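S.K.: Give me a 3D structure for the following:
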Amino acid sequence: MVFLKEELLAGAGLVQGCADGMAQLAAAGDKEEMLQCYWDRIDFCLAKNFPTKEYLKVHFDGMLHERGIYIDERVEIAGENAVLLGACEAECGVEKYAVSRLYVKHDSRVVIRARDHAFVMVDALDDAAVEVHCEGESKVVVNLYARATAVADGDGYAKVVHKNKETYDL
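M.R.: Numbers count the residues shown, from 1 in each chain. Presented below is the predicted three-dimensional model:
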């Protein structure tokens, strides 16, 4: 556990992690707190591809699904927050008054079906693809970075925002 934290701290330093993020990681007492740091610093982690999806699979396998992190797999998401890395194929259903936050990276693909009063916010990075079916009073906002793509249909409110940059401003 100590070795894992030291390895992550060294890697975060190499990719210029911020002082607050480094302090949070240094204070992490277990793997669960390290994954919370990943979520709390998700913009940085996705922009820097740190830790890599391979690293996450090796060192956090068995904990990733509980935290909404999926790597190279087919998955069904029912209105929770999720990170899709690698080549995921995902179906996401969001309804009633649910709120969902999705991060879609690498070559992942997601089909979102929103209805009722649901709200979904999506960041799509790299070569990710997002397909939105929006009904009723639901709202879906998709932010596109790099070469990511999105299509949307339905009578709900769907907005696709082309950020015209490779990744987040840090």
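S.K.: Which strand residues bridge Arg101?
M.R.: Here Arg101 sits in beta bridges with Met121, going by DSSP bridges.
S.K.: oh, I was asking about Cys134
M.R.: Beta-bridge partners for Cys134, by DSSP bridges, are Ala114.
S.K.: In contact with it: list those residues for me.
M.R.: Neighbour list for Cys134: Ile112, Ala114, Arg115, Val140, Ala152, Asp153, Gly154, Asp155, Gly156, Tyr157, Ala158 [criterion: Cβ atoms under 8 Å, 6 or more residues apart in numbering]. The C-beta positions use only the backbone N, C-alpha and C, and glycine is treated the same way.
S.K.: if you set the cut-off to 6 Å instead, what comes out?
M.R.: In this structure, Cys134 makes contact with Ala114, Val140, Gly154, Gly156, Ala158, judged by Cβ atoms under 6 Å, 6 or more residues apart in numbering.
S.K.: which of the residues in the lengthiest helix in the chain are buried?
M.R.: Scanning the chain for the longest helix, with DSSP state H as the assignment, gives helix 2-14. Judged by neighbour count (16 or more other Cβ atoms under 10 Å), helix 2-14 contains these buried residues: Lys5, Leu8, Gly11, Ala12.
S.K.: pLDDT averaged over stretch 15-23 - what is it?
M.R.: Mean pLDDT, stretch 15-23: 94.
S.K.: Could you check how far the residue lying closest to Tyr157 once chain neighbours are set aside is from Lys31?
M.R.: Leaving out its chain neighbours, the residue that sits closest to Tyr157 by Cβ to Cβ, 6 or more residues apart in numbering is Lys139, at 4.5 Å. Applying Cβ to Cβ, to the nearest Å, the value for Lys139 to Lys31 is 35 Å.
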